[in-house]
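Asker: Sequence first, predicted model second:
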There are 2 protein chains.
Amino acid sequence: MPTGPALLTDRYELTMVAAALADGTADRDCVFEVFARRLPHGRRYGVVAGTGRLLEALPHVRFGDEELAALRDQGLDDARLLDWLADFRFGGDVCGYAEGELFFPGSPVLTVRAPFAEGVLLETLVLSVLNHDSAIASAAARMVAAACERPCIEMGSRRTHEQAAVAAARAAHLVGFVSTSNLEAGRRYGVPTTGTSAHAFTLLHDDEKAAFAAQVEALGVGTTLLVDTYDVVQGIRNAVEVAGPGLGAIRLDSGDLPTLATAARRQLDELGATSTRVIVTSDLDEFAISGLMAAPVDGYGVGTSLVTGSGAPTAGMVYKLVERDGVPVAKRSEGKNSVGGRKTALRRHDADGTATAEVVSSAEVEPREGDRPLVVDLVRGGEVVAPASPPEALAAAAAHHRRVREALPAEAWALSRGEPVLETVTA
Amino acid sequence: MPTGPALLTDRYELTMVAAALADGTADRDCVFEVFARRLPHGRRYGVVAGTGRLLEALPHVRFGDEELAALRDQGLDDARLLDWLADFRFGGDVCGYAEGELFFPGSPVLTVRAPFAEGVLLETLVLSVLNHDSAIASAAARMVAAACERPCIEMGSRRTHEQAAVAAARAAHLVGFVSTSNLEAGRRYGVPTTGTSAHAFTLLHDDEKAAFAAQVEALGVGTTLLVDTYDVVQGIRNAVEVAGPGLGAIRLDSGDLPTLATAARRQLDELGATSTRVIVTSDLDEFAISGLMAAPVDGYGVGTSLVTGSGAPTAGMVYKLVERDGVPVAKRSEGKNSVGGRKTALRRHDADGTATAEVVSSAEVEPREGDRPLVVDLVRGGEVVAPASPPEALAAAAAHHRRVREALPAEAWALSRGEPVLETVTA
């Protein structure tokens, strides 16, 4: 059974390759560009994510006997196409924004230069990975900002496709979520994993104290006890009675969280559990997190809204042919407003180091003081530049993200709908 | 590298198993139930999907050396837990709604009966699969209904995670989408795949006619030509000139589709291409499809809104412990409104065969005339009942869905927000 990514694509990529091979246009030198026309829902910025996953997958886009047999079964039996696919190995160049970088409307997030057939073959996979991961990272970054320095924990695996869950945990960690519930994200990407227990564990036991005692016995007093299965006040009393005042944390998963968290904090302090943290986890999104800023909360567990992009589950990036044999090309409807041809980009900053504009140009731009080039080489002649293990690539992206977000003007952190915080200007 | 589903889960499932093994509660006889508290966005019905994928995955939930090493690396090093996992093989019973069945708030979509540790271990995977696939199927069913008899084509792969795309194509076909762009969905599940070309193919060529000629040469005159890269009127003229009046279809991917489709139809007829179909594909959802009902459109290609569940990207199903050692259990907040313990369900119909109610009961209900039991055995003693190949399982689910949706009252097809079309009653 093929497990590689070659068939994770749209049929029309292959019919285009077949037709281009037949009429001799397959080798035309092409430049494809990935960009988003707009940011969803009046967001102020987007976060590029998925680049590392894409570079992991790229060398595995190969058509072996099983892939070719599957294509024949589906009526894709053109001999020239199948021969070409059997020999396929991406040999082009890819450059783009470093993973973790911010993006704005029109930012040239990824640029693929290759013969037409090689470049078009990557379209669907590139977009699937970048659109999904960037959507999650862009939503997660708003949650991290809303939480200020308080830790966010990713726990949304059950609300999305089982493999998307792994990518979502990765994207969340990239922008600052401290940990995930997803064990495969721990294995594959080195994301720290956390987890203690659910209501079912309390219901399994004869009473709440028995459940708490079993958990503390297995996980130590530093664990997090879920106190809202029956009655929160009694639950907190039971928790401290069983674990002692050294209990790590309690978790509240229902009810009016600001009120409950405030009461829980007071009760914990009265019981001497002054260092026991209060973790909240009920249907949080960036707005609910922001609404808890004045409450004595020590951490947020986020599920559904994270893995669904908090209302924007896909980043809306497109993969467009922008240059053929050195000549800019565009659909008529796009010709007027967009910069033709292959582009480069830099971010302009004022003297204080605050970002002021996203400069996108089809010509080389002479950098001014405070300009930071945004486009880096990712693949050269089919070879990944600076290959890194998946955990290393994620750590590098997370570090890059931390650096670049610091330069954003303060308006970037507004949760309300508005304009992108940086204007994309052409130069 | 582990490729099985065992680690596609939340860490707390394993910490609960560890604690329950330690205190002797791991073997308690438990019943877990999957249900949705509500339908999203005022939808009238939901569609159960993913069951077949879950039954495919279940036998592969095993912890081999690599999985166990990954757990140890993440600090899950309790010897009793690891020994138990090494021997793990689900041995319990699963029953539930047949895939393709409709569901309503409180419908017991899936019921797992097993010792606590075995049942809790499946939670995350069960929910990931059912929540994702049911969300897509539920949205897709509304699109199919809005399209009446006109064919819908799934083409959203690029707007979702690359593996979620395969599941989405499967879920869409289950409810009546005729085909998908996704080649892996064709291979894995036998979903018919279709696809012809993108704007890039036209832009690759020196002019539109050259592109059309290459496509017709490769794919035959029955192909679909994309006519809106430059000018639609000229595009249609070029298409018919190149392919002749036997051209299979044209595709419109931008602009005001009702106007464009009407003009295109008239122009095609004037050119003698009276049997050439008009396919539209620009950001369609169920509302846009409905808005095109009066336009001369022959097929809809749906992307983003399909793979993102048209505003409801997850089905909101939960996996709750409802019975332990034969005794109903529930969180306090749920105790009042829900039926305790394990449940069964049937759909009530009037004398005309129209569904009138979803009857959910914790006791056996004596079926009346017109009642149809909804819960079927899926897994018995760890063995999948009536195992089927993935394509067979999908075909059976699609056939079941076609049958059961015919019994819904006409109000089910309203796209506006409202109440579930069947009330869930307890008996």
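Answerer: In hand now; what should we look at? Residues are numbered from 1 along each chain as shown, chains lettered A, B, ... in the order given.

Asker: switch to C-alpha atoms for all contacts and neighbour counts from now on
Answerer: Noted.

Asker: any low-confidence regions in chain A?
Answerer: Chain A contains residues with pLDDT under 70 at A:1-2, A:334-339.

Asker: let's go with 90 and repeat that
Answerer: A:1-3, A:282, A:330-341, A:363-367, A:427 (pLDDT under 90).

Asker: quick check: domain ranges of it?
Answerer: Using automatic domain parsing, the domain ranges for chain A come out as A:11-136+A:312-426, A:148-308.

Asker: so what's A:Glu101 up against?
Answerer: Residues in contact with A:Glu101 (Cα atoms under 8 Å, 6 or more residues apart in numbering or on different chains) are A:Val47, A:Val48, A:Ala397, A:His400, A:His401, A:Val404.

Asker: Wondering if the helix or strand containing A:Ala261 reaches chain B at all.
Answerer: Applying DSSP states H and E as the criterion places A:Ala261 in helix A:257-270. No: Helix A:257-270 does not reach chain B (Cα under 8 Å from any Cα of the partner chain); its nearest approach is 14.6 Å.

Asker: What lies in contact with that helix?
Answerer: Looking at helix A:257-270 with Cα under 8 Å, 6+ apart, the contacting residues turn out to be A:233, A:236, A:240, A:252, A:274, A:276, A:278, A:280, A:291-292, A:295-297.

Asker: try it again with 6 Å
Answerer: With Cα atoms under 6 Å, 6 or more residues apart in numbering or on different chains as the test, helix A:257-270 has contacts from A:Leu292, A:Ala295, A:Pro296.

Asker: Buried residues, that helix. List them.
Answerer: Within helix A:257-270, the residues that count as buried by 16 or more other Cα atoms under 10 Å in any protein chain shown are A:Leu257, A:Pro258, A:Leu260, A:Ala261, A:Thr262, A:Ala263, A:Ala264, A:Arg265, A:Gln267, A:Leu268.

Asker: helices or strands up against the next helix or strand after it?
Answerer: Sequence-wise, the next helix or strand downstream of helix A:257-270 (DSSP H and E) is strand A:277-280. Contacts defined by 3 or more Cα pairs under 6 Å, 6 or more residues apart in numbering or on different chains; DSSP states H and E place strand A:277-280 against strand A:249-252, strand A:299-302.

Asker: about what we covered before: relative to chain B, which of the contacts of A:Glu101 is nearest.
Answerer: A:Val48 (14.7 Å; Cα to the nearest Cα).

Asker: Point out the most buried one among the domains of chain A.
Answerer: Of all the domains of chain A, domain A:148-308 has the most neighbours on average by mean count of other Cα atoms under 10 Å in any protein chain shown, namely a mean of 22.

Asker: Give me every residue in the stretch 1-150 of chain A lying close to chain B.
Answerer: A:7-12, A:15-16, A:19, A:70, A:124, A:127-129, A:131-132 (Cα under 6 Å from any Cα of the partner chain).

Asker: Over to the stretch 201-350 of chain A?
Answerer: Checking the stretch 201-350 of chain A against chain B by Cα under 6 Å from any Cα, the hits are A:Ala214, A:Gln215, A:Ala218, A:Thr229, A:Tyr230, A:Thr314, A:Leu321, A:Lys331, A:Arg332.

Asker: I'd say the fifth one and B:Arg332 touch.
Answerer: So the one you mean is A:Tyr230. Yes: counting by Cα atoms under 6 Å, B:Arg332 is a contact partner of A:Tyr230 at 4.9 Å.

Asker: so what's A:Leu102 closest to, chain neighbours aside?
Answerer: Closest residue to A:Leu102 apart from its sequence neighbours, by Cα to Cα, 6 or more residues apart in numbering or on different chains: A:Val47 at 4.5 Å.

Asker: wait, isn't that neighbour in contact with A:Ser138?
Answerer: Yes: contact between A:Val47 and A:Ser138 holds when scored by Cα under 6 Å: they sit 4.9 Å apart.

Asker: Show me which of the contacts of helix A:257-270 is closest to B:Glu392.
Answerer: The closest of those to B:Glu392 turns out to be A:Leu292 (Cα to Cα; 49.7 Å).

Asker: Residues touching stretch A:231-241, excluding its own?
Answerer: If you take Cα under 6 Å, 6+ apart as the criterion, stretch A:231-241 is touched by A:Lys209, A:Val227.

Asker: check contacts around A:Ser197.
Answerer: Each residue near A:Ser197 by Cα under 6 Å, 6+ apart is listed here: B:Tyr12, B:Met16.

Asker: my read is it is in a helix, agree?
Answerer: No: counting by DSSP: H, G, I helix; E, B strand; the rest coil, A:Ser197 is not found in a helix; it is coil.

Asker: ok, it to A:Asp253 distance?
Answerer: A:Ser197 sits 12 Å away from A:Asp253, going by Cα to Cα, to the nearest Å.

Asker: now swap in A:Ala135 and tell me
Answerer: 26 Å.

Asker: try A:Ala167
Answerer: For A:Ala167, the distance to A:Asp253 (Cα to Cα) stands at 25 Å.
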